[in-house]
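> heads up, no residue letters with this:
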């Protein structure tokens, strides 16, 4: 039995209202993950541009080291 099958077996032991709540939560998590994947895929050019800009600023000595104590 896979972990997923084990999880579903345990979920089936819950009252129907709890099963529905759990199912809604899982579905929302899956949809949220899909949205993040889509957003990152659509923004790869922008992220690459921002990374290039940050590296250029670092090479030009326009950056400073962050001190965790002062954040």
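Received it, and whenever you're ready, just let me know what you need. As the structure is a prediction and not an experimental result, all values here were calculated from the model.
> in the chain, which helix has the most residues?
Looking across the chain with DSSP state H, the single longest helix is helix 16-42.
> From the contact counts, what lies against it?
Applying 3 or more Cβ pairs under 8 Å, 6 or more residues apart in numbering; DSSP states H and E, one finds that helix 16-42 makes contact with helix 3-11. Bear in mind the C-beta positions are built from the backbone N, C-alpha and C, glycine included.
> relative to helix 16-42, how tilted is the helix it packs on?
Relative orientation of helix 3-11 and helix 16-42, computed by axes from the mean of the first three to the mean of the last three Cα atoms, to 10 degrees: 150 degrees.
> how far out from the middle of the chain is helix 3-11?
Centre-to-centre, helix 3-11 and its host chain are 24 Å apart (Cα atoms, centre = their mean, to the nearest Å).
> Buried residues, it. List them.
Using 16 or more other Cβ atoms under 10 Å as the test for burial, helix 3-11 gives no buried residues.
> Remind me what it packs against, helices and strands.
So helix 3-11, by 3+ Cβ pairs under 8 Å, 6+ apart, packs with helix 16-42.
> Can you report how many residues neighbour residue 15?
By other Cβ atoms under 10 Å, 8 other residues sit near residue 15.
> With residue 22 instead?
With other Cβ under 10 Å as criterion, residue 22 counts 14.
> what's the distance between it and residue 5?
Here the criterion is Cβ to Cβ, to the nearest Å. By it, residue 22 lies 15 Å from residue 5.
> on that earlier part again, which SSE is immediately downstream of the longest helix of the chain?
helix 44-59 (DSSP states H and E).
> For that next one, what does the pLDDT average out to?
For helix 44-59, mean pLDDT is 95.
> Appreciated, that's everything.
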